[in-house]
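Participant: based on what follows, work out the 3D shape:
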Amino acid sequence: MPEHQILFLPSRQRSSFEEGTTFLDAALEIGILIESTCAGLGNCAKCRVVIPNGAAAAGSVEWTLLTPQELEKGVRLSCQARITGPGVCIVPETSRLLGDQILTEGRRGTVAVSPDIRKKFLTLSEPELGQKYFDAEELARRLGCPVQHNLRAVRDLPALLRANNFSLTAVLDQDRLLGIEPGDTTSSLYGVAVDIGTTTVAAKLLNLSEGSVLGVASSLNPQKSHGADVVSRIHYCVEHQGGLALMHQLIIRQIGELIERLTRQAGITPMQVYKLSVAGNTVMSHFLLKIDARNVAFMPYAPAFQGPVTVEASELGLTINPCGVVYVLPNLGSFVGSDITAVLSVLDLDERDEIQLVVDIGTNGEMVLGSRARMLCCSSPAGPAWEGATIAWGMRAAHGAIERAEIVDGDLQVRTIGGIPPMGICGSGLLDLVCEFVRAGLIDASGRILSPRELGENVPAALRGRIVEGDRGVNHLRVAQLENTEYILLTQKDIREVQLAKAAIASGIATLMKELGIAPDRIEKVSIAGAFGNHIRGQDAIDSGLVPPLDPTRIQFIGNAALAGAEAVLLSQGARRRAEQLANAIEYVEISGRSDFQDLFVEAMGFGGKR
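Facilitator: Numbering: from 1, shown residues only. Below you'll find the model as predicted:
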């Protein structure tokens, strides 16, 4: 097939691509990330670009999702438009994956600095004539562990010893020799903790000698261009030759870029990084290790491995110290990954008699309920509503997103990220809006937006004026006016999406409570993790039915505790052992096969009404 040159604007990146390539794939190939929450299936319409020339004529999908006026102006869906000749592709800011507010901080437990990875400086005795002496055996004797398994080290050992007066530094991990270095390099020992989320990736650089944090960096997960959720990405891998290799390459490249950024800021090099500890959901762990995850998406939902897994960084294609390793925390179940193991490692669920609930809210909702006596976990697909993917005016937590809403003096007031004019609604703002309108009586307990005629007498005129009456009683709510006459709306469909998302979480919790045989009042503490959870209000979580009805003071928000847990595991042998014990102790409950789950889900759809 012939190749054609495409110029991408405004970045002014230019490259040649094979005829028939979609503009979405072409952009990704040169590092331009375009929003595509449907994995390029052509049903989210988020990947709008402007293509003046160089593309095949629009097909039925684009004629369905785009207006004739948009098509006339050259607006296309990048996942559908295919290259037919030299051309230009303009990627508007609204379609680019950038500018997100990514949470990198979380609750950090107190751990003694005693990492598995360590350095030991040694001066070996020198051989004498007539003495039984072997270089490798002498090193093993001094270290107290075998070294012959490390053929690279054994090969380097004779020359290194004799060039350095029989002195060297040994690098060990869990008492296993990783490598040897000339001289005393014990002061140079760094590691990186990584949390691979479905949407974002966060990393933290640590000085492993003293436990100090040298920097934190984050980015969007570039796999988002091939699906907003893990199942979409698995389907992409199944349907596209080389899909798994691409998912692996994307995440490895992104982690590498974060390491490069962190080490540069700290004034060191990636060669001084010896270990990564990685947490992520089960599918992200598979993609990281380039392991086929297709069986996670289909019944009976069987992952290839639980873990933990330790692998040489070079085998994954990560550029750190040549003897560096990657430790992947163990998963808990098909859809409850090592990120939850990491979260639990900085909490005390397994050490106390009181029952606690831990919830990580994202595209998937993961829940753990129990105490030292018994711990259960499950996962429920909440969907991408909290990230704005299925919301009419939804957007990620980026500048211009409405993140907070409150009714003050009889009318709605909103606050945006960055304090700039509103452009859309992110997850925390979405939950705020729904809860505020429910409390004000504009939305009833079933989730229906009422007409002005159905409102109570005490509803202020300003709020009444926010109702936009539609056909067949399907109404919408005005949220904020844009610079023109257009309004950001909260639609009836948006509210249904919120109901589905929160019911998925609530019914998962209800399933665990039923399995454990407890009522809500038995739960002493609720820990909510994740970026979305960190920005919502406790009262909203209760009033919406997201969590069981209990005293709001029992709720704590613990931020990106998965990254904090990966950090703890990197710094402490004890934390690592505890994480592995938790993974074996927690029971996994698969909710999809339960006959009672649908009933619990339906019960969780409604709202409690006014407070």
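Participant: lowest-pLDDT helix or strand in the protein?
Facilitator: Across the helices and strands of the chain, mean pLDDT, DSSP states H and E gives its lowest value to helix 531-535, namely a mean of 68.
Participant: give the next helix or strand downstream of it.
Facilitator: helix 538-543 (DSSP states H and E).
Participant: next secondary structure element downstream of that following helix?
Facilitator: Moving toward the C-terminus from helix 538-543, the next helix or strand (DSSP H and E) is strand 555-559.
Participant: which parts of that next one are buried?
Facilitator: Neighbour counts over strand 555-559 (16 or more other CB atoms under 10 Å) mark Ile555, Phe557, Ile558, Gly559 as buried. Heads up, the C-betas are built off the backbone N, CA and C, glycines and all.
Participant: equivalent analysis for stretch 273-284, please.
Facilitator: By neighbour count on 16+ other CB under 10 Å, the buried set for stretch 273-284 is Val273, Tyr274, Lys275, Leu276, Ser277, Val278, Ala279, Gly280, Asn281, Thr282, Val283, Met284.
Participant: same question for stretch 65-85.
Facilitator: Result for stretch 65-85 [16+ other CB under 10 Å]: buried residues 65-66, 70, 74-83.
Participant: which one of those is nearest Val569?
Facilitator: Nearest to Val569 out of the buried residues of stretch 65-85 is Cys79 (CB to CB; 38.1 Å).
Participant: go ahead and confirm that closest one touches Leu24.
Facilitator: Yes. Using CB atoms under 8 Å, Cys79 is in contact with Leu24, at 4.4 Å.
Participant: please name the nearest non-neighbouring residue to Asp173.
Facilitator: Leaving aside its sequence neighbours, Asp173 sits nearest to Ile117 (CB to CB, 6 or more residues apart in numbering; 4.5 Å).
Participant: got any ranges where the stretch 351-500 of the chain has weak pLDDT?
Facilitator: For the stretch 351-500 of the chain, no stretch has pLDDT under 70.
Participant: same question but for the stretch 101-250 of the chain, I mixed them up
Facilitator: Counting by pLDDT under 70, the stretch 101-250 of the chain contains low-confidence ranges at 101-110.
Participant: in the stretch 101-250 of the chain, which spans are strands?
Facilitator: 117-123, 167-173, 176-182, 190-196, 200-207, 212-220 (DSSP state E, counting those that start in this stretch).
Participant: ok, which of the ones you listed comes nearest Gly42?
Facilitator: Among the strands of the stretch 101-250 of the chain, the nearest to Gly42 by CB to CB is strand 212-220 (21.5 Å).
Participant: export the closest one as CSV, just CAs?
Facilitator: Output of strand 212-220 as CSV, limited to C-alpha atoms (Å, rounded to 0.1, in the frame of the first residue of the first chain):
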residue,chain,number,x,y,z
SER,A,212,12.8,10.2,51.1
VAL,A,213,10.5,11.2,48.2
LEU,A,214,12.4,13.0,45.5
GLY,A,215,9.6,13.7,43.1
VAL,A,216,6.1,12.8,41.8
ALA,A,217,5.0,12.7,38.2
SER,A,218,1.8,11.7,36.4
SER,A,219,0.3,11.4,33.0
LEU,A,220,-2.7,10.1,31.2
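Participant: elements contacting that strand?
Facilitator: For strand 212-220, the packing partners by 3 or more CB pairs under 8 Å, 6 or more residues apart in numbering; DSSP states H and E come out as strand 200-207, helix 243-266.
Participant: chain center to stretch 186-201, what's the gap?
Facilitator: Distance, stretch centre to chain centre, for stretch 186-201: 14 Å (CA atoms, centre = their mean, to the nearest Å).
Participant: tell me the buried residues in that stretch?
Facilitator: Neighbour counts over stretch 186-201 (16+ other CB under 10 Å) mark 188-201 as buried.
Participant: same question for stretch 495-506.
Facilitator: For stretch 495-506, using 16+ other CB under 10 Å, the buried residues are Ile495, Glu497, Val498, Gln499, Leu500, Ala501, Lys502, Ala503, Ala504, Ile505, Ala506.
Participant: contacts for that stretch, please.
Facilitator: 359, 361, 365, 367, 380-383, 385-386, 390-391, 430-431, 434, 443, 447, 449, 544-548, 601-602, 604-607 (CB atoms under 8 Å, 6 or more residues apart in numbering).
Participant: ok, for Pro548, nearest residue in space, not its chain neighbours?
Facilitator: Pro520 (3.6 Å).
Participant: how near is the one you found to Asp173?
Facilitator: Per CB to CB, to the nearest Å, Pro520 is found 44 Å from Asp173.
Participant: one step back: with distance to Arg162 as extra columns, can I get the buried residues of stretch 186-201 in TSV?
Facilitator: Compiled in TSV, those are given as follows (distance: CB to CB, whole Å):
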residue	distance to Arg162
Ser188	23
Leu189	25
Tyr190	29
Gly191	31
Val192	34
Ala193	38
Val194	39
Asp195	44
Ile196	44
Gly197	49
Thr198	52
Thr199	53
Thr200	49
Val201	44
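Participant: nearest to Gly456 among the residues you listed?
Facilitator: Of the buried residues of stretch 186-201, the one sitting nearest to Gly456 (CB to CB) turns out to be Thr199, at 39.4 Å.
Participant: what about Ile255, neighbour count?
Facilitator: The tally of other residues near Ile255 (other CB atoms under 10 Å) stands at 25.
Participant: my read is that it contacts Val201, right?
Facilitator: Yes. Judged on CB under 8 Å, Ile255 makes contact with Val201 at a distance of 6.8 Å.
Participant: so what sits against both of these two?
Facilitator: Joint contacts of Ile255 and Val201 (CB under 8 Å, 6+ apart) are Val194.
Participant: could you give the backbone dihedrals for Asp494?
Facilitator: Per-residue torsions, Asp494: phi -60, psi -40 (degrees, to the nearest 10).
Participant: right, and it touches Gly424 too?
Facilitator: No. Proximity of Asp494 to Gly424 does not meet the contact threshold set by CB under 8 Å, at 11.4 Å.
Participant: so which of the two has more stuff around it?
Facilitator: Asp494 (25 against 22).
Participant: circling back: what subset of the contacts of stretch 495-506 is buried?
Facilitator: 359, 361, 365, 367, 380-383, 385-386, 390-391, 430-431, 434, 443, 447, 449, 544-548, 601, 604-605, 607.
Participant: next step: the residues you listed restricted to strands.
Facilitator: Cross-referencing these against strands under DSSP state E gives Val359, Ile361, Gly365, Met367, Ser380, Pro381.
Participant: and which of those residues is nearest to Glu3?
Facilitator: So of these, ranked by how close each gets to Glu3 (CB to CB), first place is Pro381, at 40.1 Å.
Participant: what is the neighbour count of Val113?
Facilitator: As a burial measure, Val113 scores 13 neighbours (other CB under 10 Å).
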